[in-house]
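Q: return atomic coordinates for the entry below.
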Amino acid sequence: MSRSDRGLRRLAAGTLLAAFQGTTPPGWVLRELEDGLGGVTLFGFNVDGHERLAALTAALREAGGEPVISLDEEGGDVTRLDYHVGSPYPGNAALGAVDDPGLTREVYQAIGAELAGCGVNLDMAPDADVNSEADNPVIGTRAFGDEPNLVARHAVAAVEGLQAAGVAACVKHFPGHGATRVDSHVAVPVVDVTPEVLRGRELVPFRAAIAAGTKSIMTAHVAVPALTGRTPATLSTAALTGLLRDELGYDGVVVSDALDMHAITKSVGLGGGAVRSLAAGADLLCLGPLPGRDEVRGVIDAIVAAVREGTLPPARLEEAAARVTA
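A: I've put the predicted structure just below:
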């Protein structure tokens, strides 16, 4: 492999967050980190107490320098640190009901301190969806509420709390997953609202979180016909570049929601989803818990091939890598 081939492969690998089974990192993950893998996403099955988690993240750092080490720690129903026993922290719906942003900031700073102590540097939180659909099967109590300004002030407080503890926040799921009746783990949900409703409701918390300096924002696998047509926002240039970058002025890291969800794999496949998400404006691709060594290498190959074929500009990969590093 030539030096330019190795450099291109490292750039491609640097956009990926892989996952693995077990409480110790397998050899293939350590080798991929040495070869430039962007980082890992941890799940409940990776966590067996804070001490063992700290040992795991130390092993990842030893292999990869300063990889992104992420997990979903929202408190309430969505926890990885306390996956086996339940979170000691109130969830977002409870915090929104109390409506004390100072308390929300305190809770998220405490979560951030625990994460930092365990060697985690990116929390896939807070959820900034406005839960306007009562029958929403995937957001529900993960949202602070159904009123845009309430959600915005608590999303800001959560971002400030996490980042005060030295952990990057990841506000999700852009441009809003609250008005859906379909779970994007199984199909592509549709948010069929006018641009005016989208700006006046869904986007309010994201605007506030951007102003508060959130380090990252996660995409939603939802189609917004007025914005993205039938395409999920994760794969949409109109959503990630036109709306998020150009209109909202966001220049932080855009993280994809897990690409192994059926909304992506059943439509364009894992490798195709990775290429299209990068081309649309994502910087860091969460692959989800299912893809193993061969699939991760297949995604890297797909990104490299797309650059060679001219469907993915090398400058887009370099921009993504620079944002992730920063």
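Q: where does the stretch 101-250 of the chain have low pLDDT?
A: Within the stretch 101-250 of the chain, the ranges that satisfy pLDDT under 70 run 134-138, 178-187.
Q: centre of the chain versus stretch 162-174, how much separation?
A: 10 Å (CA atoms, centre = their mean, to the nearest Å).
Q: list the buried ones in that stretch?
A: Using 16 or more other CB atoms under 10 Å as the test for burial, stretch 162-174 gives Leu162, Gln163, Ala165, Val167, Ala168, Ala169, Cys170, Val171, Lys172, His173, Phe174. Quick note: C-beta positions are derived from backbone N, CA and C, even for glycine.
Q: next SSE downstream of the host helix or strand of the first one?
A: Just to be clear, that refers to Leu162. According to DSSP states H and E, Leu162 maps onto helix 148-164. Downstream of helix 148-164, the first helix or strand assigned by DSSP H and E is strand 168-174.
Q: point out the other helices and strands that the helix or strand following that next one packs with.
A: For strand 168-174, the following helix or strand on the C-terminal side (DSSP H and E) is helix 195-197. When contacts are defined as 3 or more CB pairs under 8 Å, 6 or more residues apart in numbering; DSSP states H and E, helix 195-197 packs onto no helix or strand at all.
Q: which of the residues in helix 195-197 are buried?
A: Buried residues in helix 195-197, defined by neighbour count with 16+ other CB under 10 Å: Val197.
Q: ditto for stretch 120-139
A: Going by neighbour count (16+ other CB under 10 Å), the buried part of stretch 120-139 is 120-133, 136, 138-139.
Q: quick one on the thing from earlier: go through the buried residues of stretch 162-174 and name the one nearest Leu270.
A: Nearest to Leu270, judged by CB to CB, of those is His173 at 19.1 Å.
Q: who touches the closest residue to the closest one other than its chain neighbours in this structure?
A: What sits nearest to His173 in space, not counting adjacent residues and going by CB to CB, 6 or more residues apart in numbering, is Ala220, at 3.5 Å. For Ala220, the contacting residues are Lys172, His173, Phe174, Pro175, Gly176, His177, Ser184, Pro232, Ala233, Thr234, Asp257, by CB atoms under 8 Å, 6 or more residues apart in numbering.
Q: check those and tell me the two furthest apart.
A: Spatial extent of the contacts of Ala220 (CB to CB) is set by the pair Lys172 and Pro232 at 13.9 Å.
Q: ok so, going back, in a markdown table, list the contacts of Ala220 along with distance to Ala315.
A: Output for these, formatted as a markdown table (distance: CB to CB, whole Å):
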| residue | distance to Ala315 |
| --- | --- |
| Lys172 | 27 |
| His173 | 27 |
| Phe174 | 23 |
| Pro175 | 25 |
| Gly176 | 29 |
| His177 | 30 |
| Ser184 | 30 |
| Pro232 | 24 |
| Ala233 | 23 |
| Thr234 | 21 |
| Asp257 | 25 |
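Q: nearest to Ala274 among those residues?
A: Among the contacts of Ala220, Thr234 lies closest to Ala274 (CB to CB), at 10.2 Å.
Q: doesn't the closest one lie inside a helix?
A: Yes. Note on Thr234: a helix contains this position according to DSSP: H, G, I helix; E, B strand; the rest coil.
Q: give me the nearest residue to it, chain neighbours excluded.
A: Closest residue to Thr234 apart from its sequence neighbours, by CB to CB, 6+ apart: Thr219 at 4.2 Å.
Q: any idea how far the one you found is from Glu160?
A: Remark: distance between Thr219 and Glu160 (CB to CB, to the nearest Å) = 22 Å.
Q: who's more crowded, the two?
A: A count of neighbours by other CB atoms under 10 Å puts Thr219 above the other of Thr219 and Glu160, at 28 against 21.
Q: so that one sits against Leu284, correct?
A: No. Using CB atoms under 8 Å, Thr219 is not in contact with Leu284, being 10.4 Å away.
Q: overlap in contacts, the two.
A: Common neighbours of Thr219 and Leu284, counting by CB under 8 Å, 6+ apart, are Val254, Val255, Ser256.
Q: show me which of the residues you listed are buried.
A: Using 16+ other CB under 10 Å, the buried ones in the shared contacts of Thr219 and Leu284 are Val254, Val255, Ser256.
Q: show me what secondary structure element comes after the helix or strand Ala305 falls within.
A: Using DSSP H and E, the element containing Ala305 is helix 293-309. Note on helix 293-309: by DSSP H and E, the next helix or strand toward the C-terminus is helix 314-325.
Q: what packs against that following helix?
A: Counting contacts by 3+ CB pairs under 8 Å, 6+ apart, helix 314-325 is packed against helix 3-13, strand 253-256, helix 270-280, helix 293-309.
Q: and it, what's buried?
A: For helix 314-325, burial by neighbour count (16+ other CB under 10 Å) applies to Arg316, Leu317, Ala320, Ala321, Arg323, Val324.
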